[in-house]
Structure formats: C-alpha cells, structure tokens
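Enquirer: coords below, sequence missing:
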Ligand code: TTP
Ligand code: MG
C-alpha cells in the first residue's frame, strides 16, 4: 500500500505579499492583474479575510471591489512567487522522497516506507520546515493515493493536516460534493446533478448502467472509481524514479493463480530490464490485485538484499499472492518494485536518515 502526501500552500500569492508587507497581515487582500480594480483583470487569489466577502480566484477585479471596497488590491509579481515556490520545493527535497511538482504552490510526495517517521510526523515536520524556511503556512493531505491526498489537503485549509487512511476513504469522501474529485468540472457536475447525483457517496452508489448511458462505459466506470477514492496513478516526476511497475487487466476476470503467475513471468523480466537499464536495484516488491468488484488490495515485501534480477522479484511476487483473499475473481494484477537504490550505493544507508 502506498502513502501519498499532497501539499498546497494557503492563499499562496496573498501569503507571499503578506510576508513582505507585514502591515497587511490579516486584512482583506486581493492579488490580481496590475492591482487596479478599475481595470479588466481578474483575481489571482484572495487571502482568507477577503474570501469572507465571497471573493475568489478568476473573479473580475471590478466585482471583487464591488464586494469589498476596503480590500487592499496588489498586482501580480510572478518573479517573487516563483522564488518562494523554489524554496518550498527545496524543503520537499530534504525529505528524500519521490516528488511531483504540480503547480507553483503544490506537490505530491510519495512517503511510502519513508524512514523519517509516521505519516503524521512527516506531515507536521514538512509544514514546520516550510514555515521556517519560507515563512508561510501550507495544508497537507495524506492518503493511499494522489486523488484522495489532493482532496484531503483541501479539507482543513488553511494550515491543515488531514490524514485519510485506506479504511476511512469512502467514509470521508461520501459527503463531499461530486465535483471534488479531479475530472469532474462544471459540465460533468451539472449532468450528474440532473441524474440526482450530488455527492461522491451518491456517485459511488450510482447505477453503472445509468452512468454508462450518460457518460459512456469507460468514463462512467472511471467516475465511479474516483468517487470511491480509487486511483493508481503514479507520481509524474523528473526526480529519479523510486518505483517501476507493470500491470495488466485480464480479458476475463480470473480466479486462477496460475494465470497470474504467467503474468508475473513477463512482468519480472520487464522489470529486470528496466532496473538494469537505469542501474538500479530494488528492495521492495509489491503485488496489486483488483477484484471484479473493483476493490483493490496490495501486499508488499521488502527483500533481504536489493536486486535487479527477475528470479527473486518473481519469487517475492508469488510469495505475496498467498497473502491475498481469493474468494473473488481478479480483474487486474500489477507487480511493482520500489525502494530503489543506485547499484553502486546499494550498501550505504539512505542519505536523509540523519535529518530528524
Ligand atoms: P491555489 O492553490 O488554487 O489557491 P491559493 O493557494 O491561493 O489558495 P488555497 O489556500 O485555497 O490553496 O492556487 C495557487 C496560486 O495560483 C494562487 O495563489 C494564485 C494562482 N492562481 C491564479 O492565478 N488563478 C487561478 O484561477 C487560481 C485558481 C490560482
Ligand atoms: Mg494553494
């Protein structure tokens, strides 16, 4: 099972402005365009005091002014926001995990098996370090995947830390509006509302046939999966890869271990080639099974010695198969290697172990 952290700075542009104009702190503040509310620009962001007036990103500056004539309006200064963004990303790197930088003020971090502490400790430490280095608050969400981590970081803004463990995902998502998951924009949400689907809970329970009729089979199924908090997307990173994986969906769901073993043969061979090409050894092997009812389980094993050879990878995978329940047929199987180390450094401890 993975542990993914999502971090998003609070009212980012406004936060940076408050930092260099301490006299503005806590007063309603809008950043957008050239800072003149009589011009045609739009709001980039508003601090939390200004949001109380109903001001939000993408609103015309004129409208923002109408709602709050006493707000302070400042022009956008990308150069300064990029500088602080770089500082934030540097703090993330201190943690030695795989990182995906998403936008100027948000990123994902894969903290699975991180030696630096529990997810909560890592979340707190990260917020603390960002406060120390950049002087700003951020909100952090921690969950089994990117989709849910991103939703989580938004739940207790500002200065939030929200942890959603696997067994609480459906429960936390169910009451939220269906447009909280990515991919559900205004148009899709309006169509869902017409079908009587308001919340993620409604969507998770919705009739598959009806969804397929409205959105097509694939998109319908995918919407339902998202509403249940299912997401296997990997971090997209230019940072060095910390995991490699292969997966396959069976044409017909299978309950035969033998069929899965056959898949492991080509997968472990493929992983061997990719590990060797990059000169990595892997410590951990993870097997993922998705059942016919779309529940997804993973089991992982950390090997005594890191390896790039197909044999031990396959053996670890096969051993893990016995740890899964087998009462339901399987629709998808995946094999992943992670905890990668450069082949020549395989013996040395992780570089960041001394940080805490
Ligand atoms: P967000 O993270 O969406 O917003 P935010 O950081 O201002 O507030 P929150 O606490 O809700 O995260 O976007 C980050 C920055 O990107 C934001 O400060 C300004 C800029 N931005 C725009 O310029 N236009 C937009 O429409 C949005 C949404 C953001
Ligand atoms: Mg933000």
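Expert: Everything's here; your move. Bear in mind that the values here come from a model prediction, so they are computed numbers and not experimental data. Ligands and ions are numbered 1, 2, ... in the order given.
Enquirer: Enumerate the beta-bridge partners assigned to residue 108.
Expert: Applying DSSP bridges to residue 108 yields these beta-bridge partners: residue 6, residue 100.
Enquirer: Hmm, residue 92 and it touching each other?
Expert: No: Residue 108 sits out of contact with residue 92 when judged by Cβ atoms under 8 Å, with a separation of 9.5 Å. Backbone N, C-alpha and C define where each C-beta goes, glycine included.
Enquirer: These two: which is more packed in?
Expert: Neighbour comparison, residue 108 and residue 92: the larger count goes to residue 108, with 27 against 21 (by other Cβ atoms under 10 Å).
Enquirer: Do you know the pLDDT at the more buried one?
Expert: Residue 108 carries a pLDDT score of 96 in this model.
Enquirer: which ones are touching it?
Expert: 4, 5, 6, 99, 100, 102, 146, 149, 150, 235 (Cβ atoms under 8 Å, 6 or more residues apart in numbering).
Enquirer: How about residue 150?
Expert: By Cβ under 8 Å, 6+ apart, the residues touching residue 150 are 6, 8, 108, 141, 182.
Enquirer: change it to 10 Å
Expert: Contacts for residue 150 (Cβ atoms under 10 Å, 6 or more residues apart in numbering) come out as 4, 6-8, 102, 106, 108, 141, 143, 180-182, 231.
Enquirer: list the residues that contact both of residue 108 and residue 92?
Expert: With Cβ under 10 Å, 6+ apart as the test, residue 108 and residue 92 both reach 5, 7, 99, 100, 101.
Enquirer: neighbour-wise, which of those residues leads?
Expert: So for those (other Cβ under 10 Å), the most neighbours sit at residue 5, 29 neighbours.
Enquirer: doesn't residue 163 make contact with it?
Expert: Yes: taking contacts as Cβ atoms under 10 Å, residue 5 lies within contact range of residue 163: 9.4 Å.
Enquirer: what is in contact with those two at once?
Expert: By Cβ under 10 Å, 6+ apart, the residues touching both residue 5 and residue 163 are 119, 123, 140, 141, 142, 143, 149, 152.
Enquirer: what sits against the residue in the stretch 101-250 of the chain that ligand 2 sits nearest to?
Expert: Going by Cβ to the ion, ligand 2 is nearest to residue 105 of the stretch 101-250 of the chain, at 4.5 Å. Residues counted as contacts of residue 105 (Cβ under 10 Å, 6+ apart) are 7-13, 15-16, 45, 81, 84-85, 88-89, 136, 138.
Enquirer: Around ligand 2, pick out the residues from this structure.
Expert: Residues of the chain lying near ligand 2 by Cβ under 5 Å from the ion: 8, 9, 12, 105.
Enquirer: Need phi/psi at the first one.
Expert: Think residue 8. phi -140, psi 120 (degrees, to the nearest 10).
Enquirer: now the second one
Expert: Recorded main-chain torsions at residue 9 are phi -70, psi 150, according to degrees, to the nearest 10.
Enquirer: ok now do it, which residues does it touch?
Expert: Residue 9 touches 15-16, 81, 84-85, 88, 103-107, 130, 134, 136-139, 157-158, counting by Cβ under 10 Å, 6+ apart.
Enquirer: cutoff 7 Å now
Expert: 15, 88, 105, 136, 138 (Cβ atoms under 7 Å, 6 or more residues apart in numbering).
Enquirer: Kindly report the same for the first one.
Expert: Taking Cβ under 7 Å, 6+ apart as the contact definition, residue 8 lies against 105, 106, 138, 139, 153.
Enquirer: So which of those residues sit within strands?
Expert: Applying DSSP state E to the contacts of residue 8, the entries found in strands are 106, 138, 139.
Enquirer: Can you identify each of the helices in the stretch 1-150 of the chain by residue range?
Expert: Using DSSP state H, counting those that start in this stretch, the helices of the stretch 1-150 of the chain run over residues 12-20, 48-51, 61-67, 78-93, 119-134, 146-155.
Enquirer: circling back to that earlier point, which one of the residues of the chain next to ligand 2 sits closest to residue 172?
Expert: Nearest to residue 172 among the residues of the chain next to ligand 2 is residue 8, at 17.2 Å by Cβ to Cβ.
Enquirer: how close does residue 280 get to ligand 1?
Expert: Using Cβ to the nearest ligand atom, to the nearest Å, residue 280 is found at 34 Å from ligand 1.
Enquirer: so which of the residues of the chain next to ligand 2 also contact ligand 1?
Expert: 8, 9, 12, 105 (Cβ under 6 Å from any ligand atom).
Enquirer: Excluding chain neighbours, give the residue nearest to the second one in space.
Expert: The shortest distance from residue 9 to any residue that is not its chain neighbour, by Cβ to Cβ, 6 or more residues apart in numbering, is 3.9 Å, and that residue is residue 105.
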